[in-house]
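No letters, just coordinates:
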């Protein structure tokens with residue numbers, strides 16, 4: 001029997017929504033509402049590329065040179081982005097996640113992250129995906145299963161497509177309630193922040209993405225009365241629209257127009273990436289979560 005590159009496929013449904021979650025990486029391979037493929041995902045017979053739909057733990061984005069110091073001790077991570085000399089997107093993208101709870105519209109996956117070079121800490125990680133007729137909720141839980149405290153952050157890397165199949169994202173309308181964006185060097189390492197006002201990165205009112213190349217983190221997110229920040233992406237005719245909501249733990253959003261993907265796949269989807277901390281947080285400590293032994297932390301985001 002052949003085995004898909006992404007392992008076992010877990011199918012969920014509710015109302016018009018259909019979701020495929022995968023064993024390898026614990027991520028989202030496909031999400032459909034009616035005949036609309038909401039995610040720019042990947043087929044079952046192909047290995048995930050470009051981080052499509054993957055959870056990013058125990059850190060999102062990049063760590064400069066893979067080096068950081070925590071509680072006075074220096075650590076060196078493997079350089080998983082060798083061309084830029086960085087460690088990128090955590091340690092769980094290719095790990096196996098096992099189902100521990102399952103119904104027709106909900107699944108909980110679990111992974112034990114054991115100590116390893118560069119990250120000698122123990123985590124028990126859980127991902128809960130739940131569909132309702134209104135959309136998808138993703139709940140992440142992280143428990144420090146070790147005897148010393150540890151650094152932690154989480155992100156997700158879904159690509160969204162609102163235009164017709166094969167159309168570029170240029171005409172899509174983006175609304176992003178962020179008053180600042182993160183400045184970064186050529187290696188993707190933050191160097192500071194700047195206001196979005198008066199720049200091409202001001203999407204506080206919906207407007208077409210155009211030919212703007214985006215691989216930027218956004219911060220200082222405006223939130224609604226329920227504490228959630230909401231990012232909207234709509235087709236040019238506004239017949240298709242998704243809202244990605246983030247709870248208060250997610251303080252940053254990375255937006256990536258896919259310009260470095262293989263040529264046939266560029267700019268066919270927009271990655272809207274919730275992040276609890278920015279790039280290089282292990283080194284800078286910015287918005288980094290520190291889990292004490294036995295502590296469990298939860299965070300949520302979703303799609304409507």
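Ah, there it is. Fair warning: this is a prediction, and the values are worked out from it, not measured in the lab. Residues are numbered from 1 along each chain as shown.

can you count the residues close to residue 51?
Using other CB atoms under 10 Å, residue 51 has 23 other residues around it. All C-beta atoms are positioned from the backbone trio N, CA, C, and that covers glycine.

how close does it get to residue 186?
Distance from residue 51 to residue 186, counting by CB to CB, to the nearest Å: 20 Å.

Could you do residue 122 as well?
Note on residue 122: its distance to residue 186, by CB to CB, is 35 Å.

just residue 59 next, same as before
In terms of CB to CB, residue 59 sits 20 Å off from residue 186.

next one: residue 202
Taking CB to CB as the measure, residue 202 falls 23 Å from residue 186.

neighbour-wise, which of residue 122 and residue 186 wins?
residue 122 (17 against 6).

I'd say that one and residue 116 touch.
No: applying CB atoms under 8 Å, one finds residue 122 not in contact with residue 116, separated by 10.1 Å.

What's opposite the residue nearest the centre of the chain in the beta bridge?
Computing the C-alpha centroid of the chain and ranking residues by CA atoms, centre = their mean puts residue 156 first, at 1.4 Å. Under the criterion DSSP bridges, residue 156 forms beta bridges with residue 55.

quick one: it and residue 271 touch, right?
No: in this structure residue 156 lies outside contact range of residue 271 using CB under 8 Å: 9.5 Å.

could you pull out the helices for the stretch 201-304 of the chain?
281-284 (DSSP state H, counting those that start in this stretch).

for stretch 93-101, how far is the first residue from the last?
21 Å (CA to CA, to the nearest Å).

and that stretch, how far from the chain's centre?
Taking CA atoms, centre = their mean, to the nearest Å, one finds the center of stretch 93-101 at 17 Å from the center of the full chain.

what's the answer for stretch 49-68, then?
For stretch 49-68, the separation from the chain centroid amounts to 9 Å (computed by CA atoms, centre = their mean).

And stretch 83-92, by the same measure?
Counting by CA atoms, centre = their mean, stretch 83-92 comes out at 14 Å from the chain centroid.

Okay, buried residues for that stretch please.
86-92 (16 or more other CB atoms under 10 Å).

Nearest residue to residue 201 in space, ignoring adjacent ones along the chain?
residue 181 (4.7 Å; CB to CB, 6 or more residues apart in numbering).

so that neighbour is in which element?
strand 178-184 (DSSP states H and E).

Which helix or which strand is home to residue 101?
Short version, using DSSP H and E: residue 101 is in strand 98-102.

who does the lowest-mean-pLDDT helix or strand in the chain pair up with?
Across the helices and strands of the chain, mean confidence by mean pLDDT, DSSP states H and E is lowest for strand 36-37: a mean of 95. The pairing partners recorded for strand 36-37 under DSSP bridges are strand 28-33 (antiparallel).
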